[in-house]
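Novice: What follows is a predicted structure for the sequence shown.
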Amino acid sequence: MTVLDPVWTSLLYLTAAVFFILALRGLSSPRTARRGNLIGAFGALLAVVTVFFSARLENIPWIVGAIAVGTAVAAPVARRVKMTQMPQLVALFNGVGGGAAALVALLELSHTGDPWVRLAIVFTLLVGAVSFAGSGVTFAKLQELMTTRPLVFPGLPIVMAAVLLAAVGTGVAVVLTGSLPLAVLLMVLGLAAGALLVLPVGGADVPIVISLLNAFTGLAVAASGVVLGNVLLVVAGTLVGASGTILTRAMAAAMGRSVAGILFGAFKGGSTAGSTAMSERPVRSSSAEDVAVLLGYAQRVIIVPGYGLAVAQGQHTAAELALALEARGIEVDFAIHPVAGRMPGHMNVLLAEANVPYESLKEMGEINPEFRTADVALVVGANDVVNPAAKTSSGSPIYGMPILEVAEARQVIFLKRSMRPGFAGIENDLLYEPQTSLLFGDAKDSLAKVLGAVKAL
């Protein structure tokens with residue numbers, strides 16, 4: 001039995017859609033991202049409540065039970081997950097969304113004979129399954145349950161093409177016949193296509209694929225809105241699909257790559273990740289006291305955060321070090337690369353958590369011309385985003401990717417746990433340059449030692 005009449009239902013849906021739009025606007029800036037998240041969450045809550053009191057629902061105890069189970073699982077996971085594992089959580093949530101849209105479409109197949117609705121069902125089944133399987137593979141790569149290197153095998157392009165052709169043929173058959181077994185087969189083909197799409201992607205390209213799969217999920221949700229006749233799902237899914245597509249293109253452009261090159265580059269025999277072999281060349285190592293002297297008597301310091309900072313949870317110590325240097329009259333900025341970390345905006349969120357002023361976070365285009373005026377560039381746990389191979393080595397898998405120009409600084413200091421290469425799996429020749437010195441150890445511990453030595457100057 002419904003409680004809300006259609007007019008109020010439409011108004012509440014419109015209000016929820018406005019909240020979604022405002023949420024996206026808030027998420028466009030680190031300063032307003034938290035507020036944007038809260039606005040989006042409230043919009044989603046409003047949408048769920050509106051559906052619950054406006055639709056003629058059956059099996060309400062099962063629905064309430066499913067909501068309770070989902071809440072009991074999701075809330076503790078979201079609260080306890082480490083910042084370094086946030087990209088994996090995003091990939092999982094994204095995959096679950098695509099899978100849910102596909103299951104809803106599968107259940108609705110027997111309730112319609114309209115070929116246009118069946119076409120929307122076919123689209124939702126295929127794209128939702130691709131997103132679910134692809135997101136599962138990205139999770140496994142980020143969690144290092146499998147290698148982060150591209151996985152290819154002879155004939156992969158042929159297999160991929162065959163799966164896609166079979167999916168198209170099966171989809172046409174589902175539209176014409178409404179066959180449930182064929183729809184299940186279409187989902188299986190979608191799962192295979194999703195896995196085959198992501199397996200050849202490796203290294204620093206994985207965050208971009210997460211964004212692309214997020215767009216896929218949005219499109220699947222929008223199509224499921226057509227299937228269910230729910231305008232809000234169409235609006236919300238379209239917003240997610242459009243924003244995910246824009247973000248994917250922006251990140252690909254930031255790496256100097258095309259989306260097609262990221263997805264299919266390994267098919268040509270190339271790779272998005274390089275060799276993990278380490279050089280035997282000597283490097284110049286430093287102590288925390290030596291680093292403190294370089295920093296403490298500099299006029300300009302640029303700190304370059306990377307995934308190693310997130311792993312060590314050293315963002316608060318980095319913020320303290322910046323404050324200590326500023327207290328000595330030293331100009332300090334943080335250089336943010338668009339794909340530093342494991343997801344878009346990873347470093348912005350990390351440093352915002354440590355209350356680093358937004359004015360101190362400089363994007364790549366703004367900070368790059370300033371490296372030549374810096375006395376010290378302090379690289380904390382970053383590798384690929386400062387690797388000169390992106391500019392000098394045409395055979396490198398990251399060749400053409402814009403980087404932070406830390407090599408232009410008078411002195412470069414790397415805080416690294418070891419000489420292992422970064423996520424892209426390639427060696428960084430900058431580590432062996434005469435102006436470069438390395439401080440080995442956990443990033444948080446190393447920063448704490450440097451901070452103590454700076455205060456003792």
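Specialist: Here it is on my side, so go on. Remember, it's a predicted structure, so these values are computed and weren't measured experimentally. Numbers count the residues shown, from 1 in each chain.

Novice: how about the strands in the protein?
Specialist: Along the chain, the stretches classed as strands by DSSP state E are 300-305, 331-336, 361-363, 376-380, 411-416, 436-440.

Novice: Quick check: can you name the pairing partners of the second one and their directions?
Specialist: It stands for strand 331-336. In the sheet, strand 331-336 lines up against strand 300-305 (parallel), strand 361-363 (parallel) (DSSP bridges).

Novice: Name the spans of the stretch 151-300 of the chain whose pLDDT lies under the cut-off.
Specialist: 202-204, 254-257, 261, 264-281 (pLDDT under 70).

Novice: And the helices in the stretch 51-200 of the chain?
Specialist: 60-80, 86-108, 115-142, 156-177, 180-198 (DSSP state H, counting those that start in this stretch).

Novice: Save the strands of the chain as TSV, and put in distance to Gln88 too.
Specialist: (Glycine included, C-beta is placed from N, CA and C.) What follows is the strands of the chain, written out as TSV (distance: least, CB to CB, whole Å):
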stretch	distance to Gln88
strand 300-305	19
strand 331-336	21
strand 361-363	24
strand 376-380	22
strand 411-416	23
strand 436-440	27
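
Novice: Please identify the most buried of the ones you listed.
Specialist: Each of the strands of the chain was scored by mean neighbour count; the highest is strand 376-380, a mean of 28, by mean count of other CB atoms under 10 Å.

Novice: by how many degrees do that strand and strand 436-440 diverge?
Specialist: 40 degrees (axes from the mean of the first three to the mean of the last three CA atoms, to 10 degrees).

Novice: For Arg284, give me its contacts.
Specialist: Pro434, Thr436, Ser437, Leu438 (CB atoms under 8 Å, 6 or more residues apart in numbering).

Novice: Could you do Thr170 as well?
Specialist: Counting by CB under 8 Å, 6+ apart, the residues that Thr170 touches are Leu182, Leu185, Leu186, Leu189.

Novice: how about 6 Å then?
Specialist: Residues near Thr170 by CB atoms under 6 Å, 6 or more residues apart in numbering: Leu182, Leu185, Leu186.

Novice: Excluding residues flanking it in the chain, which one is nearest it?
Specialist: Excluding the flanking residues, the one nearest Thr170 by CB to CB, 6 or more residues apart in numbering is Leu186, at 4.6 Å.

Novice: buried residues in stretch 46-63?
Specialist: Leu46, Ala47, Thr50, Val51, Phe52, Ser54 (16 or more other CB atoms under 10 Å).

Novice: check contacts around the third one.
Specialist: Translated: Thr50. So Thr50 contacts Leu12 (CB under 6 Å, 6+ apart).

Novice: Go ahead and confirm Leu361 touches Ala335.
Specialist: No: counting by CB atoms under 6 Å, Leu361 sits too far from Ala335 to count as a contact (8.6 Å).

Novice: domain parsing for this protein?
Specialist: Using automatic domain parsing, the domain ranges for the chain come out as 1-80, 101-268, 288-456.

Novice: Run a quick neighbour tally on Met251.
Specialist: With neighbours defined by other CB atoms under 10 Å, the count for Met251 comes to 23.

Novice: same question but for Val454, I mixed them up
Specialist: Neighbours of Val454 (other CB under 10 Å): 22.

Novice: residue contacts, it?
Specialist: Val454 sits in contact with Ala292, Gly296, Ala324, where contact means CB under 6 Å, 6+ apart.
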